[in-house]
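Participant: below is the sequence, then the predicted model.
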Amino acid sequence: MSWYRDYVQRFYASRPGWVHGTKQFYDLCRRSIEQDTRILEVGPGPSNKTSRFLAGLGELDGVDLDAELENNDALTHAWQIESDDYPVPESHYAACVSNYVVEHVTNPQSHLREIHRVLRPGGRYIFRTPNRYHYVALVASLTPHWFHRLVANRLRGLDSEAHDPYPTVYRINSRTAVRKHAEATGFEVEELQLIESTPSYGAASRVLFLAGMAYERFVTSTERLAGLRANLLVILRKQP
């Protein structure tokens, strides 16, 4: 899909100071996780760039509901789980990380309590997740899952072998929800950003790309519109 790469280069990468959303997330992890420590990735799935990046920061383990994590070549230890009950001791990790996972979590406080348990004092939970008030999440919330399976990968320009999207619930996907559930589980919200990057759901056509770009320009024009941006980047810290 050469036109999509060309458009990203033309309208985004060539802009002074522009940083891709994934790089923003990686930079957040890099400056928040001390080097050569233990890291737990929650929901890593099979081998991927994010897991390999995290493995470069320290010893990486993973827990996931999906057995595909057993094929993740970046993980030192990999455990398939059935609930928010991780087979690791208390205060074991300096950091936990998840990338596009918490939008699927049905019980945010159970999820956060278990991460709080396995983090050492002062440890951080760093995650990227969609903002429930962005147009993509709003459409997903108003349509059935069969519709997501039909169109989501096509709109992102993914090939036919790509994994179908998982069901989403968006229960910890706003600034208010993050703060509420963090406070209830003993976390401090150390950092919370809202960002808008390239229109990934515009990969299917130039018209969709340009519409998504217009939206991006609009919501990044002022901090008053930050609540409508695509993704949350969050750091939660366990009290020392």
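Facilitator: Sure, I can see it. Numbers count the residues shown, from 1 in each chain.

Participant: any idea of the pLDDT on residue 158?
Facilitator: With respect to pLDDT, residue 158 scores 55.

Participant: ok, residue 203 next?
Facilitator: At residue 203, pLDDT is 82.

Participant: I'd say it and residue 212 touch.
Facilitator: No: between residue 203 and residue 212 there is no contact under C-beta atoms under 8 Å: 9.5 Å. C-betas here are computed from N, CA, C, even on glycine.

Participant: who are the packing partners of the lengthiest strand in the chain?
Facilitator: Longest strand of the chain, by residue count under DSSP state E: strand 119-130. Strand 119-130 sits against helix 21-32, strand 93-99, helix 108-118, strand 231-238, with contacts defined as 3 or more C-beta pairs under 8 Å, 6 or more residues apart in numbering; DSSP states H and E.

Participant: okay, now the unreliable bits of this structure?
Facilitator: Residues of the chain meeting the criterion pLDDT under 70: 1, 145-165.

Participant: just to revisit the earlier point, mean neighbour count, the helices and strands packed on strand 119-130: which tops it?
Facilitator: Sort these by mean neighbour count, taking mean count of other C-beta atoms under 10 Å, and strand 93-99 sits at the top with a mean of 25.

Participant: can you show me the CA trace of that one as CSV?
Facilitator: Extracted C-alpha coordinates of strand 93-99, given in CSV (Å, rounded to 0.1, in the frame of the first residue of the first chain):
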residue,chain,number,x,y,z
TYR,A,93,8.3,-6.6,38.8
ALA,A,94,9.6,-3.1,38.5
ALA,A,95,7.2,-2.4,35.6
CYS,A,96,4.1,-3.8,33.9
VAL,A,97,3.2,-2.8,30.4
SER,A,98,0.2,-3.3,28.1
ASN,A,99,-0.3,-2.1,24.6
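
Participant: let me see the contact set for residue 21.
Facilitator: Contact partners of residue 21, counting by C-beta atoms under 8 Å, 6 or more residues apart in numbering, are 128, 195, 196, 197, 198, 230, 231.

Participant: ugh, wrong one, I meant residue 23
Facilitator: Residue 23 makes contact with no residue, according to C-beta under 8 Å, 6+ apart.

Participant: cool, and residue 39?
Facilitator: Taking C-beta under 8 Å, 6+ apart, we find residue 39 in contact with 33, 54, 57, 58, 59, 60, 61, 93, 94, 95, 96, 97.

Participant: then residue 46?
Facilitator: By C-beta under 8 Å, 6+ apart, residue 46 lies in contact with 68, 69, 71, 72.

Participant: how about 6 Å then?
Facilitator: Going by C-beta atoms under 6 Å, 6 or more residues apart in numbering, residue 46 touches 68, 71, 72.

Participant: with adjacent residues omitted, what lies nearest to the first one?
Facilitator: Leaving out its chain neighbours, the residue that sits closest to residue 68 by C-beta to C-beta, 6 or more residues apart in numbering is residue 46, at 4.4 Å.

Participant: for the longest helix along the chain, name the packing helices and strands.
Facilitator: Ordering each helix of the chain by length in residues (DSSP state H) puts helix 206-219 first. The helices and strands touching helix 206-219, judged by 3 or more C-beta pairs under 6 Å, 6 or more residues apart in numbering; DSSP states H and E, number zero.

Participant: quick check: buried residues in it?
Facilitator: 209, 212, 213, 215, 216, 219 (16 or more other C-beta atoms under 10 Å).
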